[in-house]
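A.B. asks: what shape does this take:
(one chain, ligands or ions: 2)
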Amino acid sequence: MNRDAIAASVQEVYNWIDAEVANNTAACDACGKCCNFQAYDHRLYVTSPEMIHFTANVTDPKPMTKGYCPYLHEGKCTVHPFRFAGCRIFLCNGDSDLQSSLSEQALQKLKNICEKFDIEYYYTDLKTALNKNQS
Ligand code: SF4
Ligand code: SF4
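C.D. replies: Ligands and ions are numbered 1, 2, ... in the order given. Sure, this is the predicted structure:
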């Protein structure tokens, strides 16, 4: 598996998302509340190429043992440059139609990466993905 090339392709998708989100008039104040999935009643789904990008950049893989993202520390994301598509797109006070459209387009781009590099595609909740990553 060409991990670096896959990670670079995922980064291009993230750059595209960031540019699209920059056009959004609403803003995230990075309070970290939505990263506490249980308390916020929120779920984050990630894809297989994103996990390859993540593990290529974050060298301390952590399992998710509680109801919040293990990379949330004192209300802040400790892996902000490497956060997932869902983290980049979700905005609590943003336009939900725009977010759905961005999610759909981002997922198609991530699927295309799987096809290009002939890797398994999965789309699963963060807890499953992080804990699978430990095994
Ligand atoms: S999207 Fe909303 S809840 Fe999530 S970190 Fe930003 S301001 Fe906080
Ligand atoms: S990776 Fe960062 S932004 Fe995404 S859920 Fe975890 S703490 Fe929040």
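A.B. asks: in this structure, which spans are strands?
C.D. replies: Counting by DSSP state E, the chain has strands at residues 45-47, 72-73, 76-77, 123-125.
A.B. asks: give me the residues contacting the third one.
C.D. replies: I take that to be strand 76-77. 30, 32, 35, 69, 71, 83, 87 (CB atoms under 8 Å, 6 or more residues apart in numbering). Where C-beta positions appear, they are placed from N, C-alpha and C, glycine not excepted.
A.B. asks: residues near the third one, how many?
C.D. replies: By the measure other CB atoms under 10 Å, the count of residues near residue 35 is 24.
A.B. asks: can stretch 24-33 be said to contact ligand 1?
C.D. replies: Yes. Using CB under 6 Å from any ligand atom, a contact is recorded between stretch 24-33 and ligand 1, made by 28, 29, 30, 31, 32, 33.
A.B. asks: tell me how many other residues crowd the last one.
C.D. replies: Applying the criterion other CB under 10 Å, we find 14 residues in the vicinity of residue 33.
A.B. asks: so it makes contact with residue 39?
C.D. replies: Yes. Assessed by CB atoms under 8 Å, residue 33 is found in contact with residue 39 at 7.4 Å.
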